[in-house]
Structures are given as C-alpha cells and as structure tokens.
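J.: Give me a model of this one.
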Amino acid sequence: MIYSLNGMLVEKNKQFIAIEAGGVGYKVFVSKNTFNKLSKIGQNVSIFCSYHIRQEMPEIYGFLDKKELEVFELLNSISGIGPKSAIAVLGELKIEKFLTAISQNRADIIAEGSGIGKKKAERIILELKDKIKKMGKEADLGLMDADKDVKSALKNLGYSSREIESTIENIPENIKKVEDRIKFALKIIGR
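T.: Numbering: from 1, shown residues only. From the prediction side, this is the model:
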C-alpha cells in the first residue's frame, strides 16, 4: 500500500496530478482544496495517499494534509460513499468546516455543491458524528452561514466559483457581518 509520495509534480489538471518519484510517474486524484494549494509543475511535492482498487484498476488519492486523508478514509468507510464522492465532499469544504457541519447536524452545508444529496449528507453525519469528536478545532458556524450568503452574492455578480472560493478564504475571521464580508470580498477581487 502507498502511504505517501514525495517527488516532482509533472502534471496538474482538475481531475488529477502526476508525481514522478523514483523514475515512476504516479497518477493521483486530489480534492479541489489540495489542488489549489499545490506548487507549480517542476517543483517537489509531498502528499499523503490512500490507495484503492476499483474494478481491478488501482487508484491513488492524495492530500497535502494528514487530517484530510483521515477524514477521506472515514468518509470512504461509509456504505454508499466511494472515493470519488468522498473527494468531492472534501473539495467543497475545508476540514474545519466539514467537522463543524457534522457536529452541528448541518446536512445542508455538506450537501451544498458536493454532488451528494441531503439524505447522504444526513447519513454521513449519523455515521461520523462520534468518530470526529477528537479530530480538531471546529469552524465558526456563523461564518459558515455568512459565507453562503457571500458566495450567493458574488455568484449573482458573475464571479466564477474559483474566484469566489479563493476570495472567501482570504476574508479575516474577525469580520462577522455578511455585509462587511461581502464588502471585503469585493475589495479583494478589485485588487
């Protein structure tokens, strides 16, 4: 089993990356969050891996953060949630937000944009609630709700999902009000 890879990033696209390690190129599927944090092609990268065999085809899923790997494996252990669904969920939410959504029974947050329905999101909460209690700090639930409104406002103004996500990540947590978060987001985009 492959636990981690350390090598040169030789290809990077939205579905997967390729890492050359020891003269072998590995195709690794990554979440949107991991993809956005990766270095440029030609630079070294270290990732944690989860190895799966699906229909006799091996697949490697990679994460820059060990905690993201642990949550991926927890998600993948749920019946009806395969590695593609698990990586889609993790691509939409940072780990802290995901853990908060589970502990606060917020299936709507998990289902939003991840490609899984509300029933599967509720099942994820039911099966993982006790398992995630010691996994780390939670995100501010009020900010998560505010950011839903910020996303909606920016989307209505015609900004792309990528622009919106990177902008929201750069809004300081001490700005709490939706209106103030939208104003700050517009300042970031305007730079």
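J.: now the longest helix belonging to the chain, how far from the chain's geometric center?
T.: Among the elements of the chain assigned as helix by DSSP state H, the one spanning the most residues is helix 141-156. On the basis of C-alpha atoms, centre = their mean, to the nearest Å, helix 141-156 is displaced by 17 Å from the centre of the chain it belongs to.
J.: Which SSE is immediately downstream of it?
T.: helix 161-169 (DSSP states H and E).
J.: That next one - contacts with which helices or strands?
T.: helix 32-37, helix 141-156, helix 178-190 (3 or more C-beta pairs under 8 Å, 6 or more residues apart in numbering; DSSP states H and E). (C-beta placed from N, C-alpha, C; glycine too.)
J.: could the ones you listed go into CSV alongside mean pLDDT, mean neighbour count and distance to Q104?
T.: Converted to CSV, the helices and strands packed on helix 161-169 look like this (pLDDT from 0 to 100; neighbours: other C-beta atoms under 10 Å; distance: least, C-beta to C-beta, whole Å):
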stretch, mean pLDDT, mean neighbour count, distance to Q104
helix 32-37, 85, 18, 20
helix 141-156, 77, 17, 6
helix 178-190, 84, 16, 19
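J.: Redo these as a markdown table? Include distance to C49.
T.: Putting those into a markdown table (distance: least, C-beta to C-beta, whole Å) gives the following:
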| stretch | distance to C49 |
| --- | --- |
| helix 32-37 | 11 |
| helix 141-156 | 29 |
| helix 178-190 | 33 |
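J.: sorry, back to before: check which helices and strands the longest helix of the chain sits against.
T.: Here helix 141-156 touches helix 95-103, helix 161-169, helix 178-190, going by 3+ C-beta pairs under 8 Å, 6+ apart.
J.: can you give me the angle that helix makes with helix 178-190?
T.: Helix 141-156 and helix 178-190 meet at an angle of 50 degrees, taking axes from the mean of the first three to the mean of the last three C-alpha atoms, to 10 degrees as the criterion.
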